[in-house]
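S.K.: Sequence plus predicted model, see below.
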Amino acid sequence: MTDKFQAPRGFHDILNSDIKKFRRITHVCRELLESHGFEEIILPVVEFAQLFEKSIGEATDIVQKEMFVFTDRKGRKLALRPEGTAGTVRAYIQNRLYAFKPYHKLFYEGPMFRYERPQAGRYRQFHQIGAEIFGVSDPLADLELILLIGEILNRLEIEAVIEINSLGCKKCRPAYRASLVNYLHTVAGNLCDVCLERKDRNPLRVLDCKEKTCKEAIVSAPKSVDFLCQECSEHYRKLKAYLQETNLAYRENHLLVRGLDYYTRTVFEAVSDKLDTTLIAGGRYDYLVEEFGGPPTPALGFAVGVERLMLLIDSPLKDYSFYLIIPFGEVHSYALKVAEQFKGTGRRVEISYRKGGLKKQLEFANKVKADYVVIVGEREMKEGKVTLKDMKSGQQETLSFEEIQSFLRC
Ligand code: ATP
Ligand code: MG
């Protein structure tokens, strides 16, 4: 086969048992978010590139290196969305949601695109489920999102640590930034080339570098929490006090920053020590709505990386037991009637399209992992019965419709 018919690098098919993992993750997240009053928003996959340049930040890896950008027929610069927050903020303002309610809780789900080097859990097209709260400055909203992250992990039985930090605001961040730049100059000899270049332009990102030498160089870097203004300090203190009242395990990581410029105050991540990667990440972005022309609106959110979680779950959604109906002869409409008996009983039921004798059919039933086969031949049709065979035990019996019903009830 030529390359032409392979998916492009970093773009992957999700199939077989992975689909079940994928669905289980999205099912758990959607159910939790909906039960917490988050309303779904379906966003376009394409936006003007500028939306991401201005929100995520021009000096970030995502914008500089990872965006899929193209021009349309009129020469406009568009981008495949690399994340969902910028689009949600755009939609919030464009649809004037702020005019209808004092605060909003929204969630989205779908593919994101980043031109990254593919590896396990890192793709060029991947999926996120994200939650955003607009219009709440109270740290209770930070608490709600962090608890939701804990609950998602809990329900999926994934072991991860939730880390939190505070990055301060417009008032207090500049002093921290200046102190960090000073520090980075003192360890410049140990920084990787990329960090050397970004230490003055985007110094916080150096803290997020995955290079070993950089990780070592920053261990004694100044901490943003030591520079917080009174309001930010109070916000962070309250959040931690609320967290103490719950039984959620979390740890403070004073070097936690995020790869996007728009964050203020609280940032948080769920990190898998086993995989040494981030699974879920988020934080506050109190200025973003205003910067995009909306009214001043404190906001915050998180995004779940679906493929990352898929690496850590092995039990897919519980399977229904599977009944394969095998018709023999001219029994088509009778087979449909038999299939009706299973509808609404929480069982999976299918009529086999496989042609051939009993042996072939049973081999096929094994291959597709049927739990039972339901043999429907002309004799069964005449008697108004079916032959039910348990594929595990090999036992079989002939049952009337009434007997099937009582069998299915136990
Ligand atoms: P990382 O540090 O792993 O590159 P990030 O800081 O770029 O992650 P965010 O932009 O915060 O990640 O995205 C939130 C989540 O989306 C991540 O925690 C991760 O689970 C997932 N994610 C990000 N990039 C990818 C990717 N290329 N492939 C698969 N999942 C991804
Ligand atoms: Mg990244």
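M.R.: Okay, I see it. Quick caveat, the model's predicted, so the values are computed rather than measured. Ligands and ions are numbered 1, 2, ... in the order given.

S.K.: Which helix or strand lies directly C-terminal to the helix ranked longest in the chain?
M.R.: Scanning the chain for the longest helix, with DSSP state H as the assignment, gives helix 17-35. Once the chain leaves helix 17-35, the next helix or strand it forms, by DSSP states H and E, is strand 39-40.

S.K.: State which one residue of the protein is found closest to ligand 1.
M.R.: With Cβ to the nearest ligand atom as the measure, the residue in the chain that lies nearest ligand 1 is Gly305; the distance is 1.9 Å. C-beta here means a position set from N, CA and C on the backbone, and glycine is covered the same way.

S.K.: That residue against Leu279, yeah?
M.R.: Yes - with contact taken as Cβ atoms under 8 Å, Gly305 and Leu279 are classed as touching, separated by 5.9 Å.

S.K.: between the two, which one's more packed in?
M.R.: For Gly305 and Leu279, the more surrounded residue by other Cβ atoms under 10 Å is Leu279, and the numbers stand at 26 against 23.

S.K.: what secondary structure does the more buried one sit in?
M.R.: The local conformation at Leu279, judged by DSSP: H, G, I helix; E, B strand; the rest coil, is strand.

S.K.: Which pLDDT value goes with it?
M.R.: Confidence per residue is given as pLDDT, and for Leu279 that number is 98.

S.K.: ok, it - contacts?
M.R.: If you count contacts by Cβ atoms under 8 Å, 6 or more residues apart in numbering, Leu279 has them with Leu153, Ile158, Ala160, Glu269, Ala270, Val271, Ser272, Val304, Gly305, Arg308, Leu309, Leu312.

S.K.: Narrow those to those in helices?
M.R.: Counting by DSSP H, the part of the contacts of Leu279 found in helices is Leu153, Arg308, Leu309.

S.K.: Mind checking if the helix or strand containing Gly130 is in reach of ligand 1?
M.R.: For Gly130, the element it lies in under DSSP H and E is strand 125-134. Yes - on the criterion Cβ under 6 Å from any ligand atom, strand 125-134 is in touch with ligand 1 at Phe126, Gln128.

S.K.: can you state the direction angle for that strand and helix 17-35?
M.R.: Here strand 125-134 runs at an angle of 10 degrees relative to helix 17-35 (axes from the mean of the first three to the mean of the last three Cα atoms, to 10 degrees).

S.K.: Strand 125-134: partners in the sheet, and parallel or antiparallel?
M.R.: Based on DSSP bridges, the strands next to strand 125-134 in the sheet, each with its direction, are strand 104-113 (antiparallel), strand 299-305 (antiparallel).

S.K.: related to what we said a few turns ago, ranking by neighbours, what's the top pick from the ones in helices among the contacts of Leu279?
M.R.: Leu309 (28 neighbours).

S.K.: Let's have the ones in helices among the contacts of Leu279 in CSV, adding distance to ligand 1 and pLDDT.
M.R.: As requested, the ones in helices among the contacts of Leu279 are arranged in CSV below (distance: Cβ to the nearest ligand atom, whole Å; pLDDT from 0 to 100):
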residue, distance to ligand 1, pLDDT
Leu153, 12, 97
Arg308, 4, 97
Leu309, 8, 97
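
S.K.: For Ile129, state which of those residues is nearest.
M.R.: Nearest to Ile129, judged by Cβ to Cβ, of the ones in helices among the contacts of Leu279 is Leu309 at 9.6 Å.
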